[in-house]
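1. What would the 3D arrangement of this be:
(chains A and B)
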Amino acid sequence: MPVDIATVKKIASLARIAITEDEAARIAPELDNLMGWVEQLSEVDTSSVEPMTAVIPNHLRLRDDVVTDGGVRDAVLSNAPQAEHGFFAVPKVIE
Amino acid sequence: MTDLTDLGIREIRDGVRDGAFRAREVADAFIGNVSRAKALNAFLVETPDHAIAAADAADTARDAGETLKPLAGVPIGMKDLFCTKGVATTAASHILEGFIPPYESTVSQKLWDAGAGMLGKLNLDQFAMGSSNETSYFGNVISPWKRNDGGNAPLAPGGSSGGSSTAVSARLCPGATGTDTGGSIRQPAAFTGISGIKPTYGRCSRWGVVAFASSLDQAGPMARDVRDCAILLENMAGFDAKDSTSLKLDVPKWEAGLSNSLAGKKIGIPREYRVEGMPEEIEALWQQGIAWARDAGAEIVEVSLPHTKYALPAYYIIAPAEASSNLARYDGVRYGLRDLPEGAGLQDMYAATRADGFGDEVKRRILIGTYVLSAGFYDAYYTQAQKVRTLIARDFEIAFTQCDLLLTPTAPSAAFALGEKNADPLAMYLNDVFTVPSSLAGLPAMSIPGGLDKQGLPLGLQIIGRPLDEQGVLNAGLAIEERAGFRARPEAWW
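-> Alright, predicted model coming up:
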């Protein structure tokens, strides 16, 4: 399926990346070319194959459900562009 | 007197231990080289105080008659994808500019615990996405190598670990960390005439490493020879409860286990790695590598990895899909850049921050990833790619019933000039054709320098092993290294 300008604008919106009309027009043929190239995967017969979930067989471990870290609020906030009263601050969300 | 910056990791470690020189002298010598090499743009941050503190600790310990730590007195470079406590970590991006991690990555902490010191943070492709180090927000890294044709074209150091490859090759540090998602240790090592190993997926903790594609990302060392890689890897690997995919296994004594004999080993030559348009010199080096392996006692067998041609397209679905998910965290709220246009709401702030903060290649991959994971396309692209990945891993499993190791070229070309390939993303992606398949299968793989092409540029040979057989990979690397006798180094022009 061809990747057109409208598709690029839609996925940019899904990815929360602001994009201009000119950028969308530049990116569309690039992505279309790349998606055309990966299209060759559809010729592989995978009807009897499971999708890979782990490259090296490994069991996810369980640990005790206890607090292992914390009490470092100021360190957590130390890189925030805007921190106020011990919280991350963002523009007003609710009118 | 020996120039201390000509010494490798082992020579520095042993020299400090034996009192041939002081750790402080070594640190000062490398700090001097780093400060004089700005033209290469290999370092994003220089941390001479860190290197000096580690060196002084080594000297003090030796004076007190204490047993020295395994990397006492060894200064190294740290790829700027590893979070370092109190030292700016940007992944060469604008969006993380000014980020000062309040914690240390597991791999870097292990290296400091082993006595190593840090000379600085090394430049890379932005978020490790690139094969030429041209996507860094802080400018290209320049390879120390030049073509011998009289031209003066600045060459790519490879990517994404291009700062690491340049720094080791130019004697700015005796070794460095790298990370490899689809070839980011091996291809830059090949381009600059050094060695580098990507261990089995899960050997090195990913905790504190800025994430690109989590099912593929692995840390590993880059250094001047195989032994130095073994020494560094021993001090980087190991179980970490903070990484859910970390393997709970003891770290083998790879250095002590080194052997240059391949007697009784079968080395497979995958016929699908003979790609169209590959320069004759690379084919010739491959044949030479085969001859060296045979001379070291190996039996050579031809093997087939039939799904090889599908590895790159599968990779360029899987890696962007994981990247689009991982990079969702850069939202202008918790760290890094915030772009808040006048009167903008929260959603506009996200979009403006990410538009301003990510470079073109990173945006391209986030968009591809978002596309292949979006409703209606998920099965056709992502699920199919993961199924093909299963087949690629199975190819290797079958090949390893017929042989112990695989020998291939590392890259289909020598270093190209900066700007030569970046107009066409696909042409750049194809440079990883030999490194991506083993990444998809999580296998240990290493690049070692084999020789020079007609233009005087290094070419690398790649050895791929069974899961967890880093020892076999290192041993084959050593056997070839001894026979290749690669001594070429770039002449300082910087």
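
2. Any idea which residue of chain A lies closest to chain B?
-> Relative to chain B, the nearest point of chain A is A:Val55 (3.0 Å; C-beta to the nearest C-beta). Yep, even glycine has a C-beta here, placed from its N, CA and C like the rest.

3. Report the contact partners of that residue.
-> B:201, B:215, B:393, B:440-442 (C-beta atoms under 8 Å, 6 or more residues apart in numbering or on different chains).

4. Just the local confidence number for residue 31, please.
-> This is for chain A. Model confidence at A:Leu31, given as pLDDT, is 95.

5. my bad, chain B
-> Looking at B:Ile31, its pLDDT is 98.

6. pLDDT score assigned to the closest residue to it other than its chain neighbours?
-> Leaving aside its chain neighbours, B:Ile31 sits nearest to B:Pro48 (4.6 Å; criterion: C-beta to C-beta, 6 or more residues apart in numbering or on different chains). If you check B:Pro48, the pLDDT there is 98.

7. And for A:Met1?
-> With respect to pLDDT, A:Met1 has a value of 67.

8. what's the answer for B:Met1, then?
-> 57.

9. Please enumerate the helices of the stretch 201-350 of chain B.
-> Ranges of helices within the stretch 201-350 of chain B are B:226-234, B:280-295, B:311-326, B:346-357, based on DSSP state H, counting those that start in this stretch.

10. if we can go back for a sec, of the contacts of A:Val55, list those near chain A.
-> Of the residues in these, proximity to chain A by C-beta under 8 Å from any C-beta of the partner chain holds for B:201, B:215, B:393, B:440-442.

11. Next step: those restricted to strands.
-> With DSSP state E as the criterion, strands contain none of the ones next to chain A among the contacts of A:Val55.

12. nearest to chain A, of those residues?
-> Checking those against chain A with C-beta to the nearest C-beta, the nearest one is B:Gly442 at 3.0 Å.

13. What values do phi and psi take at that closest one?
-> Here the main-chain torsion angles of B:Gly442 (degrees, to the nearest 10) amount to phi 70, psi 20.

14. what's the closest non-adjacent residue to it?
-> Once flanking residues are discounted, B:Gly442 sits nearest to A:Val55: 3.0 Å by C-beta to C-beta, 6+ apart.

15. how close does the one you found get to B:Leu68?
-> With distances taken as C-beta to C-beta, to the nearest Å, A:Val55 is found 37 Å from B:Leu68.

16. again, but for B:Ala479
-> 30 Å.

17. again with B:Ile76
-> Counting by C-beta to C-beta, the gap from B:Ile76 to B:Leu68 is 16 Å.

18. just B:Leu391 next, same as before
-> Distance from B:Leu391 to B:Leu68, by C-beta to C-beta: 48 Å.

19. circling back: what's the local residue count around the residue nearest to B:Ile31?
-> A total of 19 residues lie near B:Pro48 under the criterion other C-beta atoms under 10 Å in any protein chain shown.

20. Phi first, then psi, for it.
-> Per-residue torsions, B:Pro48: phi -60, psi -30 (degrees, to the nearest 10).

21. ok, now which ones touch it?
-> Applying C-beta under 8 Å, 6+ apart, the residues contacting B:Pro48 are B:27, B:31, B:34, B:119-120.

22. Out of the residues you listed, which is nearest to chain A?
-> B:Gly120 (20.5 Å).

23. doesn't that closest one fall inside a strand?
-> Yes: assigned with DSSP: H, G, I helix; E, B strand; the rest coil, B:Gly120 falls within a strand.

24. Could you check the pLDDT of B:Leu216?
-> 97.

25. how about low-confidence regions in chain A?
-> A:1, A:95 (pLDDT under 70).

26. As a check, name the ranges of all strands in it.
-> Under DSSP E, chain A gives strands at A:83-84, A:87-88.

27. Switch the ones you listed over to TSV, and while doing so, append distance to chain B and mean neighbour count to every line.
-> Formatted as TSV, these follow (distance: least, C-beta to the nearest C-beta, whole Å; neighbours: other C-beta atoms under 10 Å in any protein chain shown):
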stretch	distance to chain B	mean neighbour count
strand A:83-84	9	13
strand A:87-88	5	12
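
28. which ones are touching the spatially most central residue of chain A?
-> Central residue of chain A (C-alpha atoms, centre = their mean): A:Ala15, 6.9 Å from the mean position. Taking C-beta under 8 Å, 6+ apart, we find A:Ala15 in contact with B:324, B:354, B:366-367, B:370.

29. ok, of those, which one's closest to B:Ser165?
-> Proximity of the contacts of A:Ala15 to B:Ser165 (C-beta to C-beta) peaks at B:Ile366, which lies at 25.9 Å.

30. State the pLDDT value of that closest one.
-> Looking at B:Ile366, its pLDDT stands at 98.

31. Touching, it and B:Arg329? I think so.
-> No: assessed by C-beta atoms under 8 Å, B:Ile366 is found out of contact with B:Arg329, at 11.9 Å.

32. Between these two, which has more neighbouring residues?
-> More crowded of B:Ile366 and B:Arg329, by other C-beta under 10 Å: B:Ile366, with 29 against 12.

33. excluding its backbone neighbours, what's nearest that one?
-> Excluding the flanking residues, the one nearest B:Ile366 by C-beta to C-beta, 6+ apart is B:Ser324, at 4.7 Å.
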